[in-house]
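Asks: how does the following fold in three dimensions:
(chains A, B, C and D)
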There are 2 protein chains.
Amino acid sequence: MGMASTDLEARLRASGVRPTAQRLAVLGELAAEPNDATAQVLWQRIRERGGRRVGLATVYRTLALLHEHGVIDALSHHDGERCYRLCTGAHHHHLVCESCHRVVEVAECDLDPWVAGVARRHGFVARAHQVEISGTCASCRAA
Amino acid sequence: MGMASTDLEARLRASGVRPTAQRLAVLGELAAEPNDATAQVLWQRIRERGGRRVGLATVYRTLALLHEHGVIDALSHHDGERCYRLCTGAHHHHLVCESCHRVVEVAECDLDPWVAGVARRHGFVARAHQVEISGTCASCRAA
DNA sequence: TTTAGTGCAAAAGTTTTGCATGGTC
DNA sequence: GACCATGCAAAACTTTTGCACTAAA
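Replies: Down below sits the predicted model:
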């Protein structure tokens, strides 16, 4: 399930981010989280895990940095907190459950022609697009 | 573009929200905003407009109340602030220029079948979706 | 040696809450 | 009068920043 720490390290290196112990701790915690997590939550988990001591400010700085370098995604916030999530490199979209905040990655995307057409009609040239679908997942609907 | 204040009043009444002067001020300000706005921004505009004095806490309370009653939508946060928008039922997406940051609203959207299908295939029931296309606009390309 | 990264504490910003007051039914 | 809504100020929280210190190239 988890990603070997050497993988994470390689991932940072490949993105031009120096893989310090603190950054690996943050990224490792994020890799262990199937959904999304906030800076505060990640910080608490790292601290509970009791390994190396990481400052809260460093967690914030690291998340911002990783996001800038495209290593992690930033999602819509639920409660006034920003959420981050480790993502696969391939183009994908997000399905977010409004009730339990579960996030599912959706690989299927045949929107490129539509996107290009919409952009052209407004004088734009599209470079990227992002879709976020919110709704309720099966288990929340059952409850 | 503005909505008559009697319309807004009726809208509140219909939703079971008592139409006080402050709530109408907040809602009126939101009706004048084509995009989305934060509590802080709305508060400042009301205060600049110089009419009735409205407390910041009231703006927050009003937005939360209106959202609960489905009168307004809460959108993803922009920078750690929550954004609200009047529900028009008119669904649109955003085209953002990466160079000049201009935002253009795109009304055309025939994505509902696609969105519903994607959601269903993952056990979700979709309620809303948001598309953001980034690229370069015509004038930036010319420059 | 030079630079980038970090911890800590303080600051900045946003949202919420407590409480007395004012307005409505 | 009973109750809901409001203003103001304080509190709670999230996030950013300044600065001295440490680790690394």
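Asks: drop to CA atoms for contacts and neighbour counts, all remaining ones
Replies: Fine.
Asks: longest strand in chain A, please.
Replies: Ordering each strand of chain A by length in residues (DSSP state E) puts strand A:125-136 first.
Asks: orientation of it relative to strand B:125-136 in degrees?
Replies: Interaxial angle of strand A:125-136 relative to strand B:125-136 (axes from the mean of the first three to the mean of the last three C-alpha atoms, to 10 degrees): 160 degrees.
Asks: partners of strand A:125-136 in the sheet?
Replies: Its sheet considered, strand A:125-136 pairs with strand A:93-97 (parallel), strand B:125-136 (antiparallel) by DSSP bridges.
Asks: what does chain A put close to DNA strand C?
Replies: When proximity is defined by C-alpha under 7 Å from any atom of the strand, chain A lies next to DNA strand C at A:17-18, A:20-23, A:52-58, A:61-62, A:80.
Asks: tell me the SS of the residue nearest to the spatial centre of chain A?
Replies: By C-alpha atoms, centre = their mean, chain A has its centre lying nearest to A:Arg85, at 2.1 Å. Following DSSP: H, G, I helix; E, B strand; the rest coil, A:Arg85 is assigned to strand.
Asks: contact partners for it?
Replies: A:30, A:35-37, A:72-75 (C-alpha atoms under 8 Å, 6 or more residues apart in numbering or on different chains).
Asks: now, which of those lie within helices?
Replies: Counting by DSSP state H, the contacts of A:Arg85 place A:Leu30 in helices.
Asks: could you save the contacts of A:Arg85 as JSON lines and add columns showing neighbour count and pLDDT?
Replies: Shown next, in JSON lines, are those (neighbours: other C-alpha atoms under 10 Å in any protein chain shown; pLDDT from 0 to 100):
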{"residue": "A:Leu30", "neighbour count": "23", "pLDDT": "90"}
{"residue": "A:Asn35", "neighbour count": "17", "pLDDT": "73"}
{"residue": "A:Asp36", "neighbour count": "21", "pLDDT": "78"}
{"residue": "A:Ala37", "neighbour count": "21", "pLDDT": "86"}
{"residue": "A:Ile72", "neighbour count": "20", "pLDDT": "87"}
{"residue": "A:Asp73", "neighbour count": "18", "pLDDT": "79"}
{"residue": "A:Ala74", "neighbour count": "20", "pLDDT": "76"}
{"residue": "A:Leu75", "neighbour count": "18", "pLDDT": "69"}
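Asks: now flag whichever of the contacts of A:Arg85 is closest to DNA strand D.
Replies: A:Ala37 (9.8 Å; C-alpha to the nearest atom of the strand).
Asks: give me the neighbour count for the residue in chain A positioned nearest to DNA strand D.
Replies: Here chain A gets closest to DNA strand D at one residue, A:Glu81, 3.5 Å apart by C-alpha to the nearest atom of the strand. Using other C-alpha atoms under 10 Å in any protein chain shown, A:Glu81 has 17 neighbouring residues.
Asks: that one is in contact with A:Asp36, isn't it?
Replies: No. In this structure, A:Glu81 is not within contact of A:Asp36 by C-alpha atoms under 8 Å, at 11.2 Å.
Asks: please see if stretch A:110-117 touches chain B.
Replies: Yes. Counting by C-alpha under 8 Å from any C-alpha of the partner chain, chain B is contacted by stretch A:110-117 at A:Val115.
Asks: just the CA coordinates for that stretch, please, in CSV.
Replies: In CSV, the C-alpha atoms belonging to stretch A:110-117 read as follows (Å, rounded to 0.1, in the frame of the first residue of the first chain):
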residue,chain,number,x,y,z
ASP,A,110,-12.5,12.5,-23.3
LEU,A,111,-13.2,16.2,-22.8
ASP,A,112,-10.3,17.6,-24.8
PRO,A,113,-12.3,18.3,-27.9
TRP,A,114,-15.0,20.0,-25.9
VAL,A,115,-12.5,22.0,-23.9
ALA,A,116,-10.6,23.1,-27.0
GLY,A,117,-13.8,24.2,-28.7
